[in-house]
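[1] quick check, what structure comes out for this input:
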Amino acid sequence: MNKTLIAAAVAASFVTVAHAQSSVSLYGVLDAGITYQSNVQNASGQGKSRFSMGSGIDQSRFGLRGSEDLGGGLKAIFTLESGFNLGNGKFANGNGGMFNRQAFVGLSSQYGTVTLGKQYDATQDYLAPLTATGSWGGTYFAHPLNNDRLSTNGDVALNNTIKYTSVNYAGLQFGGTYSFSNSTNFANNRAYSGGVSYQFEGLKVGAAYSQANNAGLSATGAVNPTVGSTNGTAYGIQGRSRTYGIAATYAFGPALVGAAWTQSRLDNQTNGAGTLRADNYEVSAKYNLTAALGLGAAYTYTNAKLNSSSTHWNQFGVQADYFLSKRTDVYAQMVYQRGTKGAGLGSSIYNGDVNAFPSSKVSQTAATVGLRHRF
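    Numbers count the residues shown, from 1 in each chain. Purely as a prediction, here's the structure:
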(Lines give C-alpha, C1' and ligand atoms only; values in the text may rest on other atoms or scores of the structure.)
Protein backbone atom coordinates (compact mmCIF):
# COMPACT_ATOMS: atom_id res chain seq x y z
CA MET A 1 0.00 0.00 0.00
CA ASN A 2 2.77 2.40 0.95
CA LYS A 3 4.63 1.57 -2.29
CA THR A 4 1.48 2.37 -4.27
CA LEU A 5 1.09 5.72 -2.55
CA ILE A 6 4.75 6.56 -3.09
CA ALA A 7 4.53 5.64 -6.80
CA ALA A 8 1.42 7.78 -7.22
CA ALA A 9 3.11 10.72 -5.52
CA VAL A 10 6.20 10.39 -7.72
CA ALA A 11 4.05 10.17 -10.87
CA ALA A 12 2.13 13.27 -9.82
CA SER A 13 5.38 15.15 -9.25
CA PHE A 14 6.59 14.25 -12.75
CA VAL A 15 3.33 15.57 -14.23
CA THR A 16 3.81 18.82 -12.33
CA VAL A 17 7.40 19.18 -13.55
CA ALA A 18 6.44 18.46 -17.16
CA HIS A 19 3.68 21.04 -16.93
CA ALA A 20 6.06 23.61 -15.51
CA GLN A 21 8.48 23.07 -18.40
CA SER A 22 5.83 23.73 -21.06
CA SER A 23 3.90 26.90 -21.73
CA VAL A 24 1.18 28.09 -24.09
CA SER A 25 0.00 31.69 -24.15
CA LEU A 26 -2.78 33.53 -25.94
CA TYR A 27 -1.93 37.00 -27.25
CA GLY A 28 -3.40 39.57 -29.58
CA VAL A 29 -4.11 43.13 -30.67
CA LEU A 30 -7.52 44.72 -31.17
CA ASP A 31 -7.35 47.95 -33.18
CA ALA A 32 -10.31 49.94 -34.48
CA GLY A 33 -10.79 53.53 -35.56
CA ILE A 34 -12.79 55.96 -37.64
CA THR A 35 -10.99 56.99 -40.82
CA TYR A 36 -11.45 59.95 -43.15
CA GLN A 37 -10.00 59.76 -46.64
CA SER A 38 -10.05 62.47 -49.30
CA ASN A 39 -10.34 62.29 -53.08
CA VAL A 40 -11.57 58.71 -53.26
CA GLN A 41 -12.36 58.02 -56.89
CA ASN A 42 -15.86 56.71 -57.58
CA ALA A 43 -17.13 54.75 -60.58
CA SER A 44 -17.53 57.91 -62.67
CA GLY A 45 -14.00 59.08 -61.88
CA GLN A 46 -15.03 61.82 -59.47
CA GLY A 47 -13.33 62.32 -56.13
CA LYS A 48 -15.40 61.96 -52.97
CA SER A 49 -14.65 61.99 -49.26
CA ARG A 50 -14.93 58.66 -47.49
CA PHE A 51 -15.55 57.82 -43.84
CA SER A 52 -15.07 54.25 -42.67
CA MET A 53 -14.23 52.00 -39.75
CA GLY A 54 -11.03 50.01 -39.83
CA SER A 55 -7.67 49.46 -38.17
CA GLY A 56 -5.37 52.45 -37.98
CA ILE A 57 -2.00 51.36 -36.60
CA ASP A 58 -2.09 47.57 -36.43
CA GLN A 59 -4.08 44.82 -38.04
CA SER A 60 -6.27 43.17 -35.41
CA ARG A 61 -5.01 39.69 -34.65
CA PHE A 62 -4.82 36.90 -32.13
CA GLY A 63 -2.42 34.03 -31.73
CA LEU A 64 -1.09 31.14 -29.71
CA ARG A 65 2.57 30.95 -28.76
CA GLY A 66 4.11 28.00 -26.94
CA SER A 67 7.31 26.27 -25.93
CA GLU A 68 8.47 23.03 -24.34
CA ASP A 69 11.77 22.52 -22.54
CA LEU A 70 13.35 19.39 -24.02
CA GLY A 71 16.40 19.52 -21.76
CA GLY A 72 20.02 20.40 -22.41
CA GLY A 73 19.11 23.93 -23.48
CA LEU A 74 16.88 22.69 -26.32
CA LYS A 75 13.30 23.93 -26.67
CA ALA A 76 10.42 23.18 -29.02
CA ILE A 77 8.50 26.32 -30.01
CA PHE A 78 5.46 27.21 -32.10
CA THR A 79 3.35 30.19 -33.16
CA LEU A 80 -0.11 30.28 -34.75
CA GLU A 81 -1.42 33.75 -35.63
CA SER A 82 -4.58 35.00 -37.36
CA GLY A 83 -5.35 38.46 -38.69
CA PHE A 84 -8.99 39.50 -38.80
CA ASN A 85 -11.28 42.44 -39.50
CA LEU A 86 -12.57 43.77 -36.19
CA GLY A 87 -15.43 45.52 -37.98
CA ASN A 88 -17.06 42.34 -39.28
CA GLY A 89 -15.18 39.53 -37.54
CA LYS A 90 -13.95 37.93 -40.77
CA PHE A 91 -10.45 36.62 -41.33
CA ALA A 92 -8.24 39.14 -43.11
CA ASN A 93 -5.79 39.01 -46.04
CA GLY A 94 -8.04 37.11 -48.42
CA ASN A 95 -5.97 33.92 -48.60
CA GLY A 96 -8.65 31.74 -47.03
CA GLY A 97 -6.46 30.49 -44.20
CA MET A 98 -7.28 30.59 -40.53
CA PHE A 99 -3.68 31.24 -39.48
CA ASN A 100 -3.11 33.74 -42.26
CA ARG A 101 -0.30 35.75 -40.62
CA GLN A 102 2.03 33.13 -39.16
CA ALA A 103 2.03 29.37 -38.55
CA PHE A 104 5.28 27.64 -37.68
CA VAL A 105 7.01 25.14 -35.41
CA GLY A 106 10.69 24.84 -34.58
CA LEU A 107 13.59 24.16 -32.25
CA SER A 108 15.63 26.69 -30.28
CA SER A 109 19.02 26.18 -28.62
CA GLN A 110 22.27 27.95 -27.77
CA TYR A 111 23.19 27.68 -31.47
CA GLY A 112 20.13 29.55 -32.70
CA THR A 113 16.57 28.83 -33.78
CA VAL A 114 15.25 26.85 -36.75
CA THR A 115 11.55 27.14 -37.64
CA LEU A 116 9.35 25.72 -40.40
CA GLY A 117 6.01 26.99 -41.75
CA LYS A 118 4.43 30.27 -42.84
CA GLN A 119 6.79 33.01 -41.65
CA TYR A 120 8.14 36.50 -42.24
CA ASP A 121 11.38 36.85 -44.15
CA ALA A 122 14.50 38.85 -43.30
CA THR A 123 13.11 42.19 -44.50
CA GLN A 124 10.43 42.06 -41.80
CA ASP A 125 12.78 40.65 -39.15
CA TYR A 126 15.82 42.92 -39.54
CA LEU A 127 14.78 45.96 -41.60
CA ALA A 128 11.14 46.76 -40.78
CA PRO A 129 11.61 47.19 -36.99
CA LEU A 130 13.91 50.16 -37.71
CA THR A 131 11.32 52.02 -39.81
CA ALA A 132 8.21 53.95 -38.82
CA THR A 133 5.79 51.41 -40.30
CA GLY A 134 7.50 48.47 -38.62
CA SER A 135 7.73 50.01 -35.16
CA TRP A 136 5.54 52.82 -33.79
CA GLY A 137 3.80 54.07 -36.96
CA GLY A 138 2.03 51.02 -38.31
CA THR A 139 0.00 50.76 -41.50
CA TYR A 140 -0.29 54.40 -42.53
CA PHE A 141 3.46 54.89 -42.53
CA ALA A 142 4.14 52.15 -45.09
CA HIS A 143 6.11 53.31 -48.11
CA PRO A 144 3.95 53.98 -51.21
CA LEU A 145 2.29 50.81 -52.51
CA ASN A 146 4.09 48.95 -49.70
CA ASN A 147 6.56 48.25 -52.49
CA ASP A 148 9.23 46.97 -50.09
CA ARG A 149 6.80 44.83 -48.04
CA LEU A 150 7.84 46.35 -44.70
CA SER A 151 4.26 46.65 -43.47
CA THR A 152 3.05 43.28 -42.19
CA ASN A 153 -0.64 44.27 -42.25
CA GLY A 154 -1.31 42.08 -45.24
CA ASP A 155 -0.49 38.66 -46.60
CA VAL A 156 3.28 39.19 -46.65
CA ALA A 157 4.46 36.15 -44.68
CA LEU A 158 5.84 33.44 -46.97
CA ASN A 159 4.57 29.86 -47.21
CA ASN A 160 6.69 26.70 -46.98
CA THR A 161 9.50 28.55 -45.24
CA ILE A 162 12.48 27.29 -43.27
CA LYS A 163 14.17 30.00 -41.20
CA TYR A 164 17.35 30.21 -39.18
CA THR A 165 17.82 32.93 -36.54
CA SER A 166 21.10 33.21 -34.66
CA VAL A 167 21.44 33.95 -30.99
CA ASN A 168 22.46 37.45 -29.98
CA TYR A 169 26.26 37.80 -30.03
CA ALA A 170 26.98 40.97 -28.02
CA GLY A 171 24.37 42.89 -30.00
CA LEU A 172 24.94 41.14 -33.35
CA GLN A 173 22.22 38.90 -34.79
CA PHE A 174 21.66 37.43 -38.24
CA GLY A 175 19.43 34.99 -40.06
CA GLY A 176 17.92 33.82 -43.32
CA THR A 177 14.97 32.08 -44.92
CA TYR A 178 14.26 29.76 -47.83
CA SER A 179 10.69 29.28 -49.08
CA PHE A 180 9.97 26.21 -51.21
CA SER A 181 7.90 26.30 -54.39
CA ASN A 182 6.37 22.88 -53.56
CA SER A 183 6.29 22.31 -57.31
CA THR A 184 8.01 20.06 -59.82
CA ASN A 185 9.31 23.28 -61.35
CA PHE A 186 11.76 24.03 -58.55
CA ALA A 187 12.29 27.73 -59.33
CA ASN A 188 8.65 28.74 -59.79
CA ASN A 189 7.30 30.72 -56.83
CA ARG A 190 10.23 30.17 -54.48
CA ALA A 191 11.88 32.83 -52.31
CA TYR A 192 14.89 33.40 -50.10
CA SER A 193 16.25 36.16 -47.87
CA GLY A 194 19.01 37.12 -45.45
CA GLY A 195 19.52 39.85 -42.88
CA VAL A 196 21.67 41.17 -40.06
CA SER A 197 21.23 43.62 -37.19
CA TYR A 198 23.50 45.19 -34.60
CA GLN A 199 22.75 47.10 -31.41
CA PHE A 200 25.14 49.12 -29.25
CA GLU A 201 23.62 51.19 -26.47
CA GLY A 202 21.09 53.50 -28.16
CA LEU A 203 22.15 52.68 -31.73
CA LYS A 204 20.46 49.99 -33.83
CA VAL A 205 21.41 49.16 -37.43
CA GLY A 206 19.88 46.56 -39.74
CA ALA A 207 20.15 45.40 -43.34
CA ALA A 208 18.30 42.77 -45.36
CA TYR A 209 17.83 41.28 -48.83
CA SER A 210 14.97 39.19 -50.20
CA GLN A 211 14.16 37.68 -53.57
CA ALA A 212 11.26 35.75 -55.06
CA ASN A 213 11.25 34.01 -58.44
CA ASN A 214 7.98 33.85 -60.39
CA ALA A 215 6.18 34.90 -57.23
CA GLY A 216 2.49 34.03 -57.11
CA LEU A 217 2.68 31.89 -60.24
CA SER A 218 1.48 28.74 -58.47
CA ALA A 219 -1.09 28.19 -55.73
CA THR A 220 1.22 25.94 -53.70
CA GLY A 221 4.33 28.12 -53.63
CA ALA A 222 5.96 30.67 -51.37
CA VAL A 223 3.77 33.64 -52.33
CA ASN A 224 -0.01 33.41 -52.50
CA PRO A 225 -1.32 34.20 -56.02
CA THR A 226 -3.66 36.93 -54.73
CA VAL A 227 -0.95 38.99 -53.02
CA GLY A 228 -0.15 41.34 -55.87
CA SER A 229 -3.77 42.42 -56.35
CA THR A 230 -5.11 42.58 -52.81
CA ASN A 231 -2.71 44.41 -50.55
CA GLY A 232 -0.14 46.22 -52.62
CA THR A 233 2.91 44.22 -51.73
CA ALA A 234 5.81 44.05 -54.12
CA TYR A 235 5.27 40.34 -54.64
CA GLY A 236 2.83 39.83 -57.49
CA ILE A 237 3.60 37.79 -60.60
CA GLN A 238 7.01 38.70 -62.00
CA GLY A 239 9.99 36.78 -63.21
CA ARG A 240 11.93 38.12 -60.25
CA SER A 241 11.10 40.35 -57.28
CA ARG A 242 13.90 41.78 -55.13
CA THR A 243 13.94 44.02 -52.06
CA TYR A 244 16.96 45.22 -50.12
CA GLY A 245 17.82 48.06 -47.82
CA ILE A 246 19.50 49.40 -44.71
CA ALA A 247 18.06 51.28 -41.73
CA ALA A 248 19.17 52.70 -38.39
CA THR A 249 17.64 54.24 -35.28
CA TYR A 250 19.18 56.07 -32.35
CA ALA A 251 17.49 56.49 -28.97
CA PHE A 252 18.53 59.19 -26.53
CA GLY A 253 16.44 60.08 -23.51
CA PRO A 254 12.76 60.28 -24.53
CA ALA A 255 13.62 60.69 -28.23
CA LEU A 256 14.07 58.22 -31.09
CA VAL A 257 15.29 59.20 -34.55
CA GLY A 258 15.64 56.96 -37.58
CA ALA A 259 16.59 56.80 -41.24
CA ALA A 260 16.10 54.10 -43.86
CA TRP A 261 16.72 53.37 -47.53
CA THR A 262 15.12 50.51 -49.42
CA GLN A 263 14.96 49.51 -53.06
CA SER A 264 12.45 47.22 -54.74
CA ARG A 265 12.85 45.74 -58.21
CA LEU A 266 10.14 43.89 -60.12
CA ASP A 267 11.56 42.28 -63.26
CA ASN A 268 9.77 40.70 -66.24
CA GLN A 269 6.22 41.34 -65.08
CA THR A 270 3.67 39.07 -66.71
CA ASN A 271 1.29 41.96 -67.43
CA GLY A 272 3.80 43.32 -69.93
CA ALA A 273 4.65 46.38 -67.84
CA GLY A 274 8.36 45.57 -67.94
CA THR A 275 10.72 46.36 -65.06
CA LEU A 276 9.77 48.52 -62.09
CA ARG A 277 12.33 49.97 -59.67
CA ALA A 278 11.38 51.96 -56.56
CA ASP A 279 13.79 53.69 -54.16
CA ASN A 280 12.44 54.78 -50.77
CA TYR A 281 14.19 57.30 -48.50
CA GLU A 282 12.71 57.70 -45.02
CA VAL A 283 13.47 59.87 -41.99
CA SER A 284 11.46 59.58 -38.79
CA ALA A 285 11.34 60.77 -35.21
CA LYS A 286 9.38 59.98 -32.07
CA TYR A 287 9.35 61.87 -28.78
CA ASN A 288 7.71 60.86 -25.51
CA LEU A 289 6.39 64.04 -23.92
CA THR A 290 5.35 62.07 -20.84
CA ALA A 291 5.31 58.42 -19.81
CA ALA A 292 1.85 58.17 -21.41
CA LEU A 293 1.96 60.54 -24.42
CA GLY A 294 4.14 60.05 -27.48
CA LEU A 295 4.39 62.08 -30.69
CA GLY A 296 5.76 60.74 -33.96
CA ALA A 297 6.45 62.02 -37.47
CA ALA A 298 7.91 60.54 -40.65
CA TYR A 299 8.70 61.65 -44.19
CA THR A 300 9.29 59.34 -47.16
CA TYR A 301 10.42 60.24 -50.65
CA THR A 302 9.87 57.49 -53.20
CA ASN A 303 11.25 57.60 -56.73
CA ALA A 304 9.93 54.93 -59.09
CA LYS A 305 11.05 54.06 -62.61
CA LEU A 306 9.06 51.88 -64.97
CA ASN A 307 11.20 51.13 -68.01
CA SER A 308 12.01 54.59 -69.44
CA SER A 309 9.38 56.55 -67.48
CA SER A 310 9.61 57.75 -63.88
CA THR A 311 7.42 59.17 -61.13
CA HIS A 312 7.74 60.04 -57.47
CA TRP A 313 5.81 60.42 -54.23
CA ASN A 314 6.23 62.65 -51.19
CA GLN A 315 4.59 61.26 -48.07
CA PHE A 316 4.24 62.98 -44.68
CA GLY A 317 2.78 61.36 -41.57
CA VAL A 318 2.17 62.46 -37.97
CA GLN A 319 0.84 60.58 -34.96
CA ALA A 320 -0.15 61.24 -31.35
CA ASP A 321 -0.49 58.19 -29.10
CA TYR A 322 -1.79 58.29 -25.51
CA PHE A 323 -1.63 55.23 -23.25
CA LEU A 324 -4.51 54.78 -20.83
CA SER A 325 -2.65 51.77 -19.40
CA LYS A 326 0.25 49.52 -20.40
CA ARG A 327 -2.03 47.63 -22.78
CA THR A 328 -4.61 50.17 -23.96
CA ASP A 329 -4.04 53.38 -25.92
CA VAL A 330 -5.95 55.94 -27.97
CA TYR A 331 -4.36 57.61 -30.98
CA ALA A 332 -4.83 60.14 -33.75
CA GLN A 333 -2.81 60.11 -36.94
CA MET A 334 -2.76 61.65 -40.39
CA VAL A 335 -0.87 60.91 -43.60
CA TYR A 336 -0.63 63.16 -46.64
CA GLN A 337 0.70 61.84 -49.93
CA ARG A 338 1.43 63.75 -53.12
CA GLY A 339 2.73 62.30 -56.34
CA THR A 340 3.27 63.14 -59.95
CA LYS A 341 0.39 62.65 -62.37
CA GLY A 342 -0.15 59.07 -63.37
CA ALA A 343 1.60 57.74 -60.29
CA GLY A 344 -1.48 55.89 -59.07
CA LEU A 345 -1.46 58.10 -55.99
CA GLY A 346 -3.59 57.11 -53.08
CA SER A 347 -3.34 53.43 -53.77
CA SER A 348 -1.14 52.89 -50.74
CA ILE A 349 -2.60 55.42 -48.35
CA TYR A 350 -5.35 53.18 -47.03
CA ASN A 351 -3.99 50.18 -45.19
CA GLY A 352 -1.44 49.51 -47.90
CA ASP A 353 -4.14 48.39 -50.31
CA VAL A 354 -3.09 48.92 -53.90
CA ASN A 355 -6.49 48.76 -55.64
CA ALA A 356 -9.32 49.48 -53.25
CA PHE A 357 -9.41 53.27 -52.99
CA PRO A 358 -7.43 55.09 -55.70
CA SER A 359 -7.26 58.87 -55.56
CA SER A 360 -8.95 61.06 -58.15
CA LYS A 361 -6.13 63.64 -57.88
CA VAL A 362 -2.38 63.74 -57.39
CA SER A 363 -2.77 64.17 -53.63
CA GLN A 364 -4.64 62.39 -50.90
CA THR A 365 -5.06 62.68 -47.14
CA ALA A 366 -6.10 60.01 -44.66
CA ALA A 367 -6.73 60.57 -40.94
CA THR A 368 -7.79 58.18 -38.19
CA VAL A 369 -8.82 58.42 -34.55
CA GLY A 370 -8.70 55.00 -32.92
CA LEU A 371 -8.46 52.72 -29.92
CA ARG A 372 -6.04 49.82 -29.51
CA HIS A 373 -5.88 47.09 -26.86
CA ARG A 374 -3.24 44.40 -26.45
CA PHE A 375 -3.61 41.16 -24.52
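[2] run through the chain and note the low-pLDDT ranges.
    1-20, 45, 93-96, 216-217, 226-238, 269-273, 341-358 (pLDDT under 70).
[3] all helices of it, in order?
    2-20, 122, 227-230 (DSSP state H).
[4] who does the shortest one touch, helix- and strand-wise?
    Under the contact criterion of 3 or more C-beta pairs under 8 Å, 6 or more residues apart in numbering; DSSP states H and E, helix 122 touches strand 172-179, strand 190-200, strand 203-213. In this view, the C-beta of every residue, glycine as well, is placed from N, C-alpha and C.
[5] quick one: contacts of it?
    175-177, 193-195, 208-210 (C-beta atoms under 8 Å, 6 or more residues apart in numbering).
[6] dump those residues to a markdown table, plus neighbour count.
    Conversion of these to a markdown table gives the following (neighbours: other C-beta atoms under 10 Å):
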| residue | neighbour count |
| --- | --- |
| Gly175 | 21 |
| Gly176 | 21 |
| Thr177 | 25 |
| Ser193 | 28 |
| Gly194 | 20 |
| Gly195 | 25 |
| Ala208 | 29 |
| Tyr209 | 19 |
| Ser210 | 28 |
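[7] can I assume Lys163 is in contact with Ser179?
    No. Counting by C-beta atoms under 8 Å, Lys163 does not reach Ser179; the two are 9.2 Å apart.
[8] touching both of those two, which residues are there?
    Asp121.
[9] okay, those two: which has more neighbours?
    Between Lys163 and Ser179, counted using other C-beta atoms under 10 Å, Ser179 has the larger neighbour count: 26 against 23.
[10] quick one: contacts for that one?
    Applying C-beta under 8 Å, 6+ apart, the residues near Ser179 are 121, 158-162, 190-192, 212, 221-223.
[11] kindly report the same for Thr368.
    33-36, 54, 56, 140, 331-334.
[12] how near is it to Arg65?
    Note on Thr368: its distance to Arg65, by C-beta to C-beta, to the nearest Å, is 28 Å.
[13] try Arg277
    Here Arg277 is placed at a distance of 38 Å from Arg65 (C-beta to C-beta).
[14] what of Pro225?
    29 Å.
[15] tell me which of those two has more neighbours.
    Using other C-beta under 10 Å, the more surrounded residue of Pro225 and Arg65 is Pro225, with 18 against 15.
[16] distance of that one relative to Asn213?
    Applying C-beta to C-beta to Pro225 and Asn213 gives a distance of 15 Å.
[17] so which of the contacts of Thr368 comes closest to Gln315?
    Tyr140 (9.4 Å; C-beta to C-beta).
[18] quick check: closest non-adjacent residue to that closest one.
    Closest residue in space to Tyr140, ignoring its immediate chain neighbours: Val335 at 4.5 Å, by C-beta to C-beta, 6 or more residues apart in numbering.
[19] neighbours of that neighbour, how many?
    As a measure of burial, Val335 has 25 neighbours, counting by other C-beta under 10 Å.
[20] what residues are up against it?
    Neighbours of Val335 in contact, by C-beta under 8 Å, 6+ apart: 140-141, 315-317, 349, 365-367.
[21] how about the contacts made by Asn314?
    299-301, 337-339.
[22] of these, buried ones?
    300, 337-339 (16 or more other C-beta atoms under 10 Å).
[23] report the beta-bridge partners for the closest residue to Leu158 other than its chain neighbours.
    Sequence neighbours aside, Ser179 is the residue nearest to Leu158 in space, at 4.3 Å (criterion: C-beta to C-beta, 6+ apart). With DSSP bridges as the criterion, Ser179 is bridged to Thr161, Ala191.
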